[in-house]
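# Take this sequence and fold it.
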Amino acid sequence: MKNKTNVFWHRLAVGIVLSAVLVLSGCGGAAGSQSFDLKNPVTKRTTQVNAKTAADLSQIPNYSGDPYVALNGNKPNFTDSDLTTKSYEHYSDLDSLGRCGVAMACIGRDTMPKAGEKRGSISEVKPTGWHNARYDFVDGKMVYNRCHLIAHELTAENANEKNLITGTRSMNVDGMLPFENMVADYVKETGHHVIYRVTPIFQGNELVARGVQMEGESVEDKGDGILFNVYCYNVEPGVTIDYATGYTRADGSGSTDSASPSNSSTADTSATSSQDDTVQTYVINKRNKKFHKPDCSGVAHMAQANKQTVNAKRSDLINQGYSPCGICKP
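Below you'll find the model as predicted:
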């Protein structure tokens, strides 16, 4: 899997520097205090993380419609000393502007929510730039989500202000979620560990991140099961974001519920209906019940055991309990 990189992705050189020890170095100050949850065997720490671990925005292509792009040939920048099978979680202290920093963990079954564990509320956390607004053309209507840097399904974190940023619905669902699900599925199935790092990328003193860098590598099989290094764009189609403040406005390119039906919407409906009744080639994920176009970027990150190529009608797959991928929208 290490050598599989989607052809549309740009190969980028990313300068990533990480300390060879698990306690990450300070940035403009001393390292923060460490805290341990005595009820949980998983080590949880908070620490300052050197800003040099972030990807360089000048080397990242402008957003062109894809929710994420591969960095460094899709290979993460972990050092040998990072690759441990001992589960832990690290969360950076908030900076002087109240912004989150790097979050890093060794994901194992023991870090994930226990069976029957209910997800807690996160509504009390107001990450920097949190000025939410409603747009009828946005999935879920609200432009922003409180985005976990490390997903709840991986570490059972709820209202941890050091793990929540202001992120668009598109970044959360179309950008980050496929990788979160992929890691969760892999760990559940194999019992192996995944080194996982998410870095919010801010420009200057802006309060809203321009995107997040996500890196993952499975440890026991040396990256054969999980291996990725991607940048997810913190954008929402049809919405202009003032990253300095978090305020937004519609840019006129998105459709709205109040708009009258148009010829294009009729054509889209007709095309979807035709696609439903035509046998086509899809790649299905037997684990999370998603189906994809064969050239979808998510296919390369799918565990081989979950992947199956089928010739089927779209409607038949949906009737079998599968749902279309949110990235390629088959």
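
# C-alpha only now, for contacts and for neighbours.
Will do.

# okay, and for this structure, where does confidence drop off?
Counting by pLDDT under 70, the chain has low-confidence residues at 1-54, 253-275, 297, 301-303, 326-327.

# where exactly do the helices run in it?
152-155, 169-170, 177-190, 263-276, 314-319 (DSSP state H).

# Tell me, how many residues neighbour residue 222?
By other C-alpha atoms under 10 Å, the residues close to residue 222 number 13.

# So which residues of the stretch 101-250 of the chain form strands?
Assigned by DSSP state E, counting those that start in this stretch, the strands in the stretch 101-250 of the chain fall at 103-107, 144-148, 164-168, 194-201, 211-218, 227-233, 239-241, 248-250.

# what's the closest of those to residue 61?
strand 227-233 (9.8 Å; C-alpha to C-alpha).

# Adjacent strands (with direction) for that closest one?
Counting by DSSP bridges, the strands paired with strand 227-233 are strand 68-70 (antiparallel), strand 211-218 (antiparallel).

# How far does the longest one sit from its chain's centre?
Taking the mean of its C-alpha atoms, strand 211-218 sits 8 Å from the chain's own mean (C-alpha atoms, centre = their mean, to the nearest Å).

# again, but for stretch 222-237
Between the centre of stretch 222-237 and the centre of its host chain there is 7 Å, according to C-alpha atoms, centre = their mean.

# do stretch 187-206 as well
The answer for stretch 187-206 is 8 Å, by C-alpha atoms, centre = their mean.

# what residues are up against residue 184?
Each residue near residue 184 by C-alpha atoms under 8 Å, 6 or more residues apart in numbering is listed here: 153-154.

# before we move on, the earlier item: which one of the strands paired with strand 227-233 lies closest to residue 293?
Taking the strands paired with strand 227-233 one by one with C-alpha to C-alpha, strand 68-70 is closest: 16.6 Å.

# Pull the distance from that closest one to the chain's centre.
Worked out by C-alpha atoms, centre = their mean, strand 68-70 lies 11 Å from the chain centre.

# Buried residues, that strand. List them.
Buried positions in strand 68-70, judged by neighbour count with 16 or more other C-alpha atoms under 10 Å: 68-70.

# Specify which member of these is nearest to residue 96.
When those are compared against residue 96 (criterion: C-alpha to C-alpha), the nearest one is residue 68, at 28.5 Å.

# Next, work out how far apart the closest one and residue 59 are.
Distance of residue 68 to residue 59, given as C-alpha to C-alpha, to the nearest Å: 14 Å.

# and what of residue 309?
35 Å.

# Equivalent analysis for residue 153, please.
From residue 153 over to residue 59 (counting by C-alpha to C-alpha), the distance is 31 Å.

# The two: which has the busier surroundings?
Between residue 153 and residue 59, residue 153 has the larger neighbour count (other C-alpha under 10 Å), namely 17 against 12.

# shouldn't that one be in contact with residue 112?
Yes - the pair residue 153 / residue 112 is scored as a contact, 5.9 Å apart, by C-alpha atoms under 8 Å.

# Contacts only, for the closest residue to residue 314 other than its chain neighbours.
Computed as C-alpha to C-alpha, 6 or more residues apart in numbering, the closest residue to residue 314 that is not its neighbour in sequence is residue 276, at 4.6 Å. Contacts for residue 276 (C-alpha under 8 Å, 6+ apart) come out as 313-316.
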